[in-house]
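Q: Sequence plus the predicted model coming up.
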Amino acid sequence: MRQVTQTYALRRQSLFGARPSLKVLDHVDLDVRPGEAVGLVGESGSGKTTLTRILTGSERPQSGNVLFDGFDVWSADREKRRHFRRSVQIVLQNPRSSLDPRMRVGTSLLEPLRSLQIDCDHAARVIEVLDQVGLGRNAIERYPHEFSGGQLQRIAIARALMPGPKVLIADEPVSALDVSIQAQVLNLLKDLVRNLGLSLVFIAHDLSVVAYATSRVFVMSSGKIVEVGRPLDLFTKPQAEATRNLVGAVLSVEGGLAGTALD
(Lines give C-alpha, C1' and ligand atoms only; values in the text may rest on other atoms or scores of the structure.)
Protein backbone atom coordinates (compact mmCIF):
# COMPACT_ATOMS: atom_id res chain seq x y z
CA MET A 1 0.00 0.00 0.00
CA ARG A 2 1.52 3.29 -1.12
CA GLN A 3 0.38 6.83 -0.27
CA VAL A 4 -3.25 5.80 0.27
CA THR A 5 -5.64 8.63 1.03
CA GLN A 6 -9.36 8.34 1.70
CA THR A 7 -11.80 11.22 2.10
CA TYR A 8 -15.53 10.99 2.80
CA ALA A 9 -18.06 13.64 1.81
CA LEU A 10 -20.23 14.78 4.74
CA ARG A 11 -23.75 16.11 4.86
CA ARG A 12 -24.22 19.75 3.91
CA GLN A 13 -24.84 22.09 6.82
CA SER A 14 -27.07 24.32 4.69
CA LEU A 15 -28.94 23.99 1.41
CA PHE A 16 -26.53 26.10 -0.64
CA GLY A 17 -23.42 25.60 1.43
CA ALA A 18 -20.35 23.70 0.28
CA ARG A 19 -20.34 20.04 1.13
CA PRO A 20 -17.72 19.41 3.84
CA SER A 21 -15.38 16.44 3.74
CA LEU A 22 -13.49 14.32 6.24
CA LYS A 23 -10.03 12.94 5.49
CA VAL A 24 -9.90 9.53 7.18
CA LEU A 25 -6.59 8.29 5.73
CA ASP A 26 -3.75 10.63 4.88
CA HIS A 27 -0.99 9.23 2.60
CA VAL A 28 -0.68 5.90 4.39
CA ASP A 29 2.17 3.51 3.56
CA LEU A 30 1.95 -0.10 4.79
CA ASP A 31 3.69 -3.25 3.59
CA VAL A 32 3.91 -6.89 4.64
CA ARG A 33 6.31 -9.51 3.29
CA PRO A 34 5.54 -13.20 2.65
CA GLY A 35 5.67 -15.14 5.91
CA GLU A 36 5.70 -11.95 8.01
CA ALA A 37 3.26 -10.92 10.74
CA VAL A 38 2.79 -7.18 11.12
CA GLY A 39 0.57 -5.30 13.52
CA LEU A 40 -1.57 -2.22 13.02
CA VAL A 41 -2.55 -0.46 16.22
CA GLY A 42 -4.30 2.77 17.04
CA GLU A 43 -6.97 4.31 19.20
CA SER A 44 -10.62 4.24 18.21
CA GLY A 45 -11.21 6.61 15.30
CA SER A 46 -7.63 6.46 14.06
CA GLY A 47 -8.69 5.04 10.67
CA LYS A 48 -8.07 1.32 11.20
CA THR A 49 -11.52 0.27 9.98
CA THR A 50 -11.28 2.24 6.74
CA LEU A 51 -7.77 0.92 6.17
CA THR A 52 -9.05 -2.64 6.68
CA ARG A 53 -11.72 -2.17 4.02
CA ILE A 54 -9.12 -0.91 1.59
CA LEU A 55 -6.72 -3.76 2.41
CA THR A 56 -9.44 -6.31 1.61
CA GLY A 57 -10.45 -4.57 -1.62
CA SER A 58 -13.97 -3.78 -0.45
CA GLU A 59 -13.39 -0.03 -0.70
CA ARG A 60 -11.46 1.94 -3.30
CA PRO A 61 -9.12 4.66 -2.01
CA GLN A 62 -9.43 8.21 -3.26
CA SER A 63 -5.77 8.19 -4.20
CA GLY A 64 -2.70 5.99 -3.80
CA ASN A 65 -2.00 2.40 -4.78
CA VAL A 66 -2.97 -0.96 -3.30
CA LEU A 67 -0.30 -3.32 -4.58
CA PHE A 68 -0.44 -7.12 -4.52
CA ASP A 69 1.90 -9.57 -6.25
CA GLY A 70 3.35 -6.75 -8.32
CA PHE A 71 0.09 -5.27 -9.65
CA ASP A 72 -2.22 -2.48 -8.57
CA VAL A 73 -5.49 -4.01 -7.42
CA TRP A 74 -7.75 -1.25 -8.76
CA SER A 75 -6.18 -1.00 -12.21
CA ALA A 76 -5.75 -4.76 -12.72
CA ASP A 77 -7.75 -6.90 -15.13
CA ARG A 78 -10.57 -9.21 -14.07
CA GLU A 79 -8.38 -12.30 -13.66
CA LYS A 80 -5.90 -10.52 -11.39
CA ARG A 81 -8.74 -9.10 -9.32
CA ARG A 82 -10.11 -12.60 -8.90
CA HIS A 83 -6.65 -13.76 -7.80
CA PHE A 84 -6.56 -10.95 -5.25
CA ARG A 85 -9.99 -11.81 -3.81
CA ARG A 86 -8.90 -15.40 -3.34
CA SER A 87 -5.51 -14.52 -1.89
CA VAL A 88 -6.59 -11.96 0.74
CA GLN A 89 -8.99 -13.13 3.43
CA ILE A 90 -10.19 -11.58 6.69
CA VAL A 91 -11.00 -12.81 10.19
CA LEU A 92 -13.40 -10.54 12.09
CA GLN A 93 -13.73 -9.71 15.77
CA ASN A 94 -16.99 -11.58 16.38
CA PRO A 95 -17.08 -15.02 14.73
CA ARG A 96 -20.81 -15.39 15.41
CA SER A 97 -21.51 -12.54 13.00
CA SER A 98 -19.72 -14.32 10.14
CA LEU A 99 -21.34 -17.74 10.65
CA ASP A 100 -24.97 -18.53 9.79
CA PRO A 101 -26.49 -20.07 12.96
CA ARG A 102 -28.81 -22.21 10.77
CA MET A 103 -25.95 -23.68 8.78
CA ARG A 104 -23.73 -26.58 9.81
CA VAL A 105 -20.05 -25.74 10.11
CA GLY A 106 -19.10 -27.95 7.18
CA THR A 107 -21.49 -26.08 4.90
CA SER A 108 -20.25 -22.70 6.13
CA LEU A 109 -16.67 -23.69 5.35
CA LEU A 110 -17.64 -24.58 1.78
CA GLU A 111 -19.12 -21.14 1.06
CA PRO A 112 -15.80 -19.43 0.15
CA LEU A 113 -14.94 -22.22 -2.31
CA ARG A 114 -18.32 -21.93 -3.99
CA SER A 115 -18.45 -18.14 -4.13
CA LEU A 116 -14.91 -17.94 -5.54
CA GLN A 117 -15.54 -20.90 -7.86
CA ILE A 118 -12.50 -22.82 -6.64
CA ASP A 119 -12.25 -26.27 -8.18
CA CYS A 120 -10.79 -28.83 -5.76
CA ASP A 121 -11.80 -31.76 -3.57
CA HIS A 122 -14.07 -29.73 -1.29
CA ALA A 123 -14.58 -32.42 1.34
CA ALA A 124 -10.86 -33.08 1.66
CA ARG A 125 -10.15 -29.36 1.89
CA VAL A 126 -12.61 -28.93 4.78
CA ILE A 127 -10.94 -31.73 6.75
CA GLU A 128 -7.47 -30.37 5.99
CA VAL A 129 -8.30 -26.87 7.18
CA LEU A 130 -10.09 -28.05 10.33
CA ASP A 131 -6.95 -29.98 11.20
CA GLN A 132 -4.83 -26.85 10.64
CA VAL A 133 -6.85 -24.91 13.21
CA GLY A 134 -6.89 -27.73 15.75
CA LEU A 135 -10.47 -28.97 15.31
CA GLY A 136 -11.54 -32.50 14.41
CA ARG A 137 -13.76 -33.59 11.55
CA ASN A 138 -16.66 -34.07 13.98
CA ALA A 139 -17.09 -30.28 13.82
CA ILE A 140 -18.46 -30.59 10.28
CA GLU A 141 -21.96 -31.70 11.30
CA ARG A 142 -22.35 -29.37 14.25
CA TYR A 143 -23.94 -25.92 14.44
CA PRO A 144 -22.23 -22.70 15.67
CA HIS A 145 -24.17 -22.59 18.94
CA GLU A 146 -22.56 -25.89 19.95
CA PHE A 147 -19.09 -24.30 20.17
CA SER A 148 -17.35 -22.04 22.66
CA GLY A 149 -16.13 -18.58 21.69
CA GLY A 150 -12.57 -19.76 21.18
CA GLN A 151 -13.69 -22.68 19.03
CA LEU A 152 -15.88 -20.37 16.93
CA GLN A 153 -12.91 -18.11 16.26
CA ARG A 154 -10.95 -21.16 15.12
CA ILE A 155 -13.82 -21.97 12.75
CA ALA A 156 -13.79 -18.38 11.46
CA ILE A 157 -10.05 -18.69 10.84
CA ALA A 158 -10.63 -22.01 9.08
CA ARG A 159 -13.23 -20.36 6.84
CA ALA A 160 -10.74 -17.67 5.89
CA LEU A 161 -8.13 -20.34 5.11
CA MET A 162 -10.41 -22.35 2.80
CA PRO A 163 -9.44 -20.55 -0.47
CA GLY A 164 -5.73 -20.97 0.33
CA PRO A 165 -4.94 -17.27 0.87
CA LYS A 166 -1.52 -15.66 0.87
CA VAL A 167 -2.56 -12.83 3.18
CA LEU A 168 -4.69 -13.11 6.31
CA ILE A 169 -6.09 -9.93 7.84
CA ALA A 170 -7.12 -10.39 11.46
CA ASP A 171 -9.32 -7.52 12.65
CA GLU A 172 -9.45 -7.53 16.48
CA PRO A 173 -9.58 -11.36 16.45
CA VAL A 174 -9.20 -11.88 20.21
CA SER A 175 -10.79 -8.80 21.78
CA ALA A 176 -14.12 -10.61 22.28
CA LEU A 177 -12.49 -13.66 23.90
CA ASP A 178 -11.61 -14.46 27.51
CA VAL A 179 -7.98 -13.77 28.39
CA SER A 180 -7.35 -17.49 28.92
CA ILE A 181 -8.47 -18.20 25.34
CA GLN A 182 -6.72 -15.25 23.71
CA ALA A 183 -3.27 -16.84 23.99
CA GLN A 184 -4.51 -20.01 22.27
CA VAL A 185 -5.83 -18.08 19.26
CA LEU A 186 -2.70 -15.92 19.10
CA ASN A 187 -0.51 -19.03 19.14
CA LEU A 188 -2.63 -20.53 16.37
CA LEU A 189 -2.13 -17.46 14.20
CA LYS A 190 1.63 -17.57 14.83
CA ASP A 191 1.70 -21.26 13.86
CA LEU A 192 -0.22 -20.57 10.64
CA VAL A 193 2.21 -17.83 9.65
CA ARG A 194 5.15 -20.14 10.26
CA ASN A 195 3.73 -23.36 8.81
CA LEU A 196 1.82 -21.97 5.81
CA GLY A 197 4.05 -19.00 5.00
CA LEU A 198 1.11 -16.64 5.38
CA SER A 199 1.42 -12.89 5.55
CA LEU A 200 -0.56 -11.68 8.58
CA VAL A 201 -1.89 -8.19 9.20
CA PHE A 202 -3.05 -8.08 12.82
CA ILE A 203 -5.26 -5.07 13.58
CA ALA A 204 -6.04 -4.06 17.15
CA HIS A 205 -6.00 -1.21 19.64
CA ASP A 206 -4.09 -3.23 22.27
CA LEU A 207 -0.34 -2.92 21.71
CA SER A 208 0.48 -5.78 24.11
CA VAL A 209 -1.62 -8.29 22.15
CA VAL A 210 -0.18 -7.22 18.82
CA ALA A 211 3.36 -7.32 20.22
CA TYR A 212 2.92 -10.99 21.12
CA ALA A 213 1.82 -12.04 17.63
CA THR A 214 3.85 -9.81 15.30
CA SER A 215 7.43 -8.81 14.53
CA ARG A 216 6.78 -5.31 13.19
CA VAL A 217 4.11 -2.82 14.23
CA PHE A 218 2.58 0.22 12.51
CA VAL A 219 1.10 2.79 14.89
CA MET A 220 -1.80 4.80 13.50
CA SER A 221 -3.26 8.08 14.71
CA SER A 222 -5.65 10.55 13.03
CA GLY A 223 -5.47 8.73 9.71
CA LYS A 224 -1.66 8.61 9.55
CA ILE A 225 1.07 6.09 10.31
CA VAL A 226 3.02 7.91 13.01
CA GLU A 227 5.56 5.24 13.95
CA VAL A 228 6.84 1.87 12.74
CA GLY A 229 9.10 -0.49 14.63
CA ARG A 230 9.71 -3.73 16.46
CA PRO A 231 7.31 -4.30 19.35
CA LEU A 232 10.10 -4.21 21.95
CA ASP A 233 11.34 -0.87 20.63
CA LEU A 234 7.85 0.59 20.67
CA PHE A 235 7.32 -0.62 24.25
CA THR A 236 10.64 0.65 25.61
CA LYS A 237 11.39 3.67 23.41
CA PRO A 238 8.14 5.03 21.98
CA GLN A 239 8.69 8.17 19.91
CA ALA A 240 5.22 9.29 18.84
CA GLU A 241 2.70 10.60 21.36
CA ALA A 242 0.10 8.09 20.11
CA THR A 243 2.53 5.22 20.80
CA ARG A 244 3.26 6.54 24.29
CA ASN A 245 -0.47 6.67 25.00
CA LEU A 246 -0.94 3.07 23.86
CA VAL A 247 1.98 1.91 25.99
CA GLY A 248 0.61 3.79 28.96
CA ALA A 249 -2.74 2.04 28.55
CA VAL A 250 -1.22 -1.43 28.97
CA LEU A 251 -2.36 -2.88 32.28
CA SER A 252 -0.15 -5.11 34.42
CA VAL A 253 -0.02 -6.53 37.93
CA GLU A 254 2.93 -4.34 38.87
CA GLY A 255 1.74 -1.14 37.28
CA GLY A 256 -1.95 -1.56 38.05
CA LEU A 257 -4.41 0.85 36.51
CA ALA A 258 -1.72 3.49 36.21
CA GLY A 259 -0.15 1.53 33.35
CA THR A 260 3.35 2.26 34.66
CA ALA A 261 4.84 -1.25 34.61
CA LEU A 262 7.01 -0.41 31.62
CA ASP A 263 8.57 2.68 33.23
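A: It's in.
Q: all contacts plus neighbour counts: C-alpha atoms, from now on.
A: Fine.
Q: For the residue nearest to the spatial centre of the chain, give me its contacts.
A: Centrality entry for the chain: nearest residue to the mean C-alpha point is residue 170, 2.5 Å, by C-alpha atoms, centre = their mean. Under the criterion of C-alpha atoms under 8 Å, 6 or more residues apart in numbering, the neighbours of residue 170 are 90, 91, 92, 93, 200, 201, 202, 203.
Q: For the last one, give me the pLDDT.
A: By that I understand residue 203. At residue 203, the pLDDT value in this model is 95.
Q: For it, give its distance to residue 223.
A: Relative to residue 223, residue 203 is positioned 14 Å away (criterion: C-alpha to C-alpha, to the nearest Å).
Q: try the third one
A: For residue 92, the distance to residue 223 equals 21 Å [C-alpha to C-alpha].
Q: ok so, going back, more neighbours, residue 203 and residue 223?
A: Using other C-alpha atoms under 10 Å as the criterion, residue 203 and residue 223 rank with residue 203 on top: 27 against 21.
Q: so that one touches residue 39, yeah?
A: Yes. With contacts defined as C-alpha atoms under 8 Å, residue 203 counts as touching residue 39 at a distance of 5.8 Å.
Q: Report the set of residues contacting both of those two.
A: Listed as contacting both residue 203 and residue 39 by C-alpha under 8 Å, 6+ apart are residue 210.
Q: mind checking how far residue 21 is from residue 110?
A: 41 Å.
Q: er, residue 134 actually
A: Going from residue 134 to residue 110 by C-alpha to C-alpha gives 18 Å.
Q: between these two, which one's more packed in?
A: Of the pair residue 134 and residue 110, residue 110 is the one with more neighbours under other C-alpha under 10 Å, namely 17 against 13.
Q: quick one: what helix or strand has the more buried one in it?
A: Per DSSP states H and E, residue 110 falls inside helix 105-115.
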